[in-house]
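Q: Sequence below, structure please.
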Amino acid sequence: MRKVDTYQLSVSAYRNIFHKLYKSLCLFANKYVENLEVSKDIVQDVFIKVWENKIEFKNKNNVKSFLYTSVKNKSLDYLKSKHYKSTDHFSSIKMEQIETESFFMREVVVLETSFIIEKAINTLPKKCAQIIRLSSKNFTNAEIAKKMDISINTVKAQKKIAYKRLKPILKEYFVFIAFIFN
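A: Okay, the predicted model is just below:
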């Protein structure tokens, strides 16, 4: 029988993954449990489990997938717990919806795409990035101009510059972004 090579996280790799994914995993758990403090506890529990059990992975790429799946499962376990059921009323219909694979995949894609877009926006000049962020929060050009104390024409010009710069950066992520805004 052939031995399968596995990958175990080093201390520095573990620390790096924790810092890179902690925030997005908390937001992901929060989509299920709708309580940020509980979400943080869930994510911390998952990371502790990985560390204490010295979980081995087939390769580095499996780590992220494992963490998202573990957070999903731990979140669902929390929602099914007697403590949660006795303090909150959670409909069985909603529970069935969030247990689906499509809900899981959509939430992962939404989070990953949000971080990709934010990273791209961070490459823009500060004022330009601020205008795009306000625009993405459904502020009108007039509201943005008033809030930033600039002219509407400046807002339009900055948005045009932003879209021109973001287009090549986000081109390869178009399918994901289209999926989100569908």
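Q: Any idea which residue is closest to the centre of the chain?
A: Nearest to the mean C-alpha position of the chain, by C-alpha atoms, centre = their mean, lies Leu111 at 2.5 Å.
Q: sec struct for that residue, please.
A: helix (DSSP: H, G, I helix; E, B strand; the rest coil).
Q: So it versus Glu143, what's the distance?
A: Here Leu111 is placed at a distance of 27 Å from Glu143 (C-beta to C-beta, to the nearest Å). (Glycine included, C-beta is placed from N, CA and C.)
Q: and the helix ranked longest in the chain, which residues are buried?
A: Using DSSP state H to define each element, the chain has its longest helix at helix 11-33. The neighbour-count check on helix 11-33 (16 or more other C-beta atoms under 10 Å) flags 17-18, 21, 24-33 as buried.
Q: Can I get it in PDB, CA atoms only?
A: Only the C-alpha atoms of helix 11-33 are listed here, as PDB (Å, rounded to 0.1, in the frame of the first residue of the first chain):
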ATOM      1  CA  VAL A  11       3.700  27.500  13.100                       C
ATOM      2  CA  SER A  12       4.400  30.300  10.700                       C
ATOM      3  CA  ALA A  13       2.000  28.900   8.000                       C
ATOM      4  CA  TYR A  14      -0.700  28.500  10.700                       C
ATOM      5  CA  ARG A  15      -0.200  32.000  11.900                       C
ATOM      6  CA  ASN A  16      -0.300  33.300   8.300                       C
ATOM      7  CA  ILE A  17      -3.500  31.500   7.500                       C
ATOM      8  CA  PHE A  18      -5.100  32.600  10.700                       C
ATOM      9  CA  HIS A  19      -4.300  36.300  10.000                       C
ATOM     10  CA  LYS A  20      -5.300  36.000   6.300                       C
ATOM     11  CA  LEU A  21      -8.700  34.100   6.800                       C
ATOM     12  CA  TYR A  22      -9.900  34.900  10.400                       C
ATOM     13  CA  LYS A  23     -11.900  37.900   9.400                       C
ATOM     14  CA  SER A  24     -13.500  36.400   6.300                       C
ATOM     15  CA  LEU A  25     -14.300  33.100   8.200                       C
ATOM     16  CA  CYS A  26     -16.000  35.200  11.000                       C
ATOM     17  CA  LEU A  27     -18.100  37.000   8.400                       C
ATOM     18  CA  PHE A  28     -18.900  33.600   6.800                       C
ATOM     19  CA  ALA A  29     -20.000  32.100  10.100                       C
ATOM     20  CA  ASN A  30     -22.100  35.200  10.800                       C
ATOM     21  CA  LYS A  31     -24.100  34.500   7.700                       C
ATOM     22  CA  TYR A  32     -25.300  31.300   9.500                       C
ATOM     23  CA  VAL A  33     -25.500  32.300  13.100                       C
END
